[in-house]
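# What would the 3D arrangement of this be:
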Amino acid sequence: MAGIGPFAKPEGSVPEGQIPGLRGAPTRTPVRPSGARPGARILPLVIGRLMTRQIWIELYGLPGYGQTLKGRPWGLKPSAFAATPRDFRPLETPGAGKPLLQGRFTLAGISLDVPAPLDPWNRASPSRGFAESLHRFDWLPALMQEGEAGAREALRLTLGWGRVFHRWAPFAWDPDRMARRLLNMAPALRRMGAVADDAERGLLAVLVARQARQLLRPPGPASGAATRAVAVAVTGCALAGLSGARLRRRGLKRLSRALSRTLRPDGSHMSRSPEAGLELLFDLLMLKDGLTQLSEPMPDVVETALHQLAVATQGLTLPDGRLPGVHGGGVSTPARVSAALGAAGLAPISADAASTAQTQPPIGGLARMRSPLLTLVIDVEAPPRGAWTEAACAQPLALEIVCGRDRLITGCGWTPRAFERQGLRLTPGHSTLTLSETSLGEPLGGWQAELLGPRLLTRPYTVSHEERQGDGALWLEAQHDGWAPLTGLAHQRRLYLDQRLDELRAEERLFPADQAPSPPPVLAAPYAVRFQLEPGVQASLARDRRSILLRGHSGRGWWFRTDGPDVAIEPSVHSVEGQTRRALQIVVRGSARTDAETRIRWKLNPAGASGDPVVD
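Coordinates of the predicted model:
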């Protein structure tokens, strides 16, 4: 794989000139840590999935297979709609449905014009991300905001999809993609049915019922089992009669089992992605609303899981109203988080209450430290394993810092929607330390990713942490040994937060690991400590070449200082809803001996005090 600036890009990603802020940056070749051999470990899974996938393709592709999706009793077709489950997700862009009425689809940052009576189903999509979003029906909620005209266009496009993809196809009928499609359709079915004639209404009901029944069949990764079960149950709420009741019952039964495998004991998502937890919370709230409209109770197991997930989301919400952007979490918005918590009967924890709270255990492997003006989150666990790694990132000890309500230090915002930006999942894509310009893992690519998903391949490593609390101060020490096979070094990040001064003092420590090979593989290892800045954050280097003045959207200044040998402000990128934006990063570079200890100290504190450095 070739590199772009500090990032490595997989084959088929966007050329360098199309990524803002990185033109002309030097290329580097990432080195895989010795002993990782991810391909050897994944090969049996690939072979097994290839064989089983081909079996299902042959079975589901049979000409008469669609007859098995009629449901029981045979020949009983759904033809009416019952509840209208509410989707509590707020529309991010008001009026986004108006261009859709004219046939302009803007998905994953790309636009495609398909004016009526044409539709997008019989033509090539401009990108993989566009196709994903198109077949998930991500455009449908916005279109349904356009009144009767929107409902009629939604009905036309939906029935058009049904005509083209009435038979099972691997991409269009992918289980996770189909689950999201049904969850987008369920709130709109009654309104689409109201503008349809009897024949169209029957076709629409049969279309969603067949897909819901297909979701009850294999295959399907364990990571999406809960979402698929919710989709079946929500579709059952939207369909009237015996068909709807059967789907509700079977969906709820599967959901109760799936939630125990999807949620951790602390209520966070097993993928360790806060955004994935938020999405599941929205889905469960939709299901609860649909059952309430039918005067049916939510199963106790599901109700308990919903509450635990809401409490975990509340605990992870930062003062800017957003969630940490780790492990594919990307950039959440205050409106989305507030809507989910409000529907669950909770409110974000106030900054004053958070800063005076006692030390709390990590949620989803994310430890939190807070003072009245400073809030930081650090990743203190290894990435998830197996099927849960499709959105995981190889970024141990990743750090995010919110100053006041300005998120200053963050990551590159990668999410699964940024399918062509897999390189942002590598170690340099977040605010942490890298050695020898390499990464502790890489995503699976090519045809193997088509079979197993873009799983993160990484050599197992240990992450540990310790927290302490004193009079007006918090300490946290976290370390990992992921670099030991490559350099013989372990990385420790020490954080000290003075809650009275709103001052963070930190130290990056590299030292010989306990399990380091002897003699060390190399005598010196170049390091880079990166601090990815939120898009729009201004950074100005002071005359002393060791201090940088940071200003967020509020305009308040914060000083970043370090004793590192080489400090620079460099271009970077930030992914927002699949689109790449220009950003900056602070990079502290140097070289560490592998047979000795190296320390890099840095500090963050409010600007405005006497004796502040001078900025040109």
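# can you pull out the helices in the stretch 401-550 of the chain?
For the stretch 401-550 of the chain, applying DSSP state H, counting those that start in this stretch gives helices covering 446-452, 484-487.
# hey, which of the ones you listed is tucked in deepest?
Between the helices of the stretch 401-550 of the chain, the one whose residues have the most neighbours on average, counting mean count of other CB atoms under 10 Å, is helix 484-487 (a mean of 25). For the C-beta atoms, the positions are set from N, CA and C on the backbone; glycine is no exception.
# before we move on, back to that, could you check the helices of the stretch 401-550 of the chain and tell me which one is nearest residue 416?
Put simply, out of the helices of the stretch 401-550 of the chain the one that sits nearest residue 416 is helix 446-452, at 11.6 Å, with distance taken as CB to CB.
# So which elements touch the closest one?
Secondary-structure packing of helix 446-452 (3 or more CB pairs under 8 Å, 6 or more residues apart in numbering; DSSP states H and E): helix 38-60.
# Quick one: mean pLDDT for the helix it packs on?
Confidence over helix 38-60, taken as the mean pLDDT, stands at 72.
# follow-up on the earlier one: which one of the helices of the stretch 401-550 of the chain lies closest to residue 99?
helix 446-452 (31.6 Å).
# Flag whichever of the helices of the stretch 401-550 of the chain has the least confidence on average.
helix 446-452 (a mean of 82).
# one step back: reformat the helices of the stretch 401-550 of the chain as TSV; add distance to residue 162.
Formatted as TSV, the helices of the stretch 401-550 of the chain follow (distance: least, CB to CB, whole Å):
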stretch	distance to residue 162
helix 446-452	25
helix 484-487	52
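# so which of those gets nearest residue 405?
Relative to residue 405, the nearest member of those by CB to CB is helix 446-452, separated by 38.1 Å.
# Could I get the buried residue list for stretch 533-553?
Taking 16 or more other CB atoms under 10 Å as the basis for neighbour counts, the residues of stretch 533-553 that come out buried are 533-535, 537, 539, 541-542, 546-553.
# Tell me where the stretch 101-250 of the chain has strands.
In chain order, the stretch 101-250 of the chain shows strands spanning 104-107, 110-113, with DSSP state E, counting those that start in this stretch as the criterion.
# rewinding a little: so which of the helices of the stretch 401-550 of the chain gets nearest residue 464?
helix 484-487 (13.6 Å).
# Which of the buried residues of stretch 533-553 sits closest to residue 203?
After measuring these against residue 203 - CB to CB - the closest member comes out as residue 535, at 45.0 Å.
# right, and that closest one touches residue 580 too?
No: in this structure, residue 535 sits apart from residue 580 without contact. The criterion is CB atoms under 8 Å, and the distance is 10.1 Å.
# between those two, what contacts are shared?
Any residue near both residue 535 and residue 580 by CB atoms under 8 Å, 6 or more residues apart in numbering counts here, and that gives residue 574.
# partner residues bridging residue 110?
Going by DSSP bridges, residue 110 is paired in beta bridges with residue 107.
# residues contacting it?
With contacts defined as CB under 8 Å, 6+ apart, residue 110 is in contact with 126-127, 129-130.
# closest to residue 474 among those?
Scanning these for proximity to residue 474, where the rule is CB to CB, the winner is residue 129, at 40.1 Å.
# And for the closest one, the neighbour number?
As a burial measure, the neighbour count of residue 129 was computed by other CB atoms under 10 Å and equals 22.
# That concludes my questions; thank you for your assistance.
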